[in-house]
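Trainee: Sequence and predicted structure, then a few things I'm wondering about:
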Amino acid sequence: MTDSFLYTTPVDPRAAPLIEALTWEYTTRYGDYFGEPGEEMRRYPAELFAPPHGNFLLLTRNGAAIAGGAFKRYDEQTAELKRVWTHIDLRRQGLARKVLAELELQAARQGYNRLYLTTGFRQPEAAGLYLNNGYTALFDTSVDPEVHGTLPFEKDISTLTLELGSHLLERKAS
């Protein structure tokens, strides 16, 4: 059982299971609360998740997508994480944490210093993932999450960006 990251695009056929499952999950959790079911997955064109401003990755096992995520440019210094997902049968194994760590590294490699994201109020496991991995809640965590609708988070990755930059400079110098 070998897991590996594959940088690709949301239109890659290997990404289809991720997109379909995430669409199903949003639909079953929210129905039409945020608009037409499935609309969220069509909101952003695939080009936004492509370098130099974005990226899209799959975590694959034996060639099949088991988890994934993406980011797009939010502003000059900030990448916005989107589409972080783990196959429903493989949850609670740390796969989302692996995807999150890889997305953070890639965003830093692409020069971002900050990450921003939102998750829905009916995704407490996602909120827990972000809180347990150094993200700051940009909302009042002491009230019912449904009051907020979407739950924004941020994380400063400037130290990571600086570390990666220093390693690149060291390699060029040697």
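Mentor: Cool, the structure landed.

Trainee: now for the longest strand anywhere in the chain, which elements pack on it?
Mentor: Counting by DSSP state E, the longest strand found in the chain is strand 64-75. Applying 3 or more Cβ pairs under 8 Å, 6 or more residues apart in numbering; DSSP states H and E, one finds that strand 64-75 contacts helix 16-30, strand 55-61, strand 78-86, helix 95-109. In this view, the C-beta of every residue, glycine as well, is placed from N, C-alpha and C.

Trainee: Next, the angle from the third one to helix 95-109.
Mentor: If you take axes from the mean of the first three to the mean of the last three Cα atoms, to 10 degrees, strand 78-86 sits at 160 degrees to helix 95-109.

Trainee: who touches strand 78-86?
Mentor: For strand 78-86, contacts defined as Cβ atoms under 8 Å, 6 or more residues apart in numbering pick out 10, 18, 21-22, 25, 44, 49, 54, 56, 66-74, 93, 95-96, 99-100, 103, 107, 110, 112-117, 126, 129.

Trainee: Minimum distance to Glu154: which of the helices and strands packed on strand 64-75 has it?
Mentor: Glu154 sits nearest to strand 78-86 of all those, at 8.0 Å, using Cβ to Cβ.
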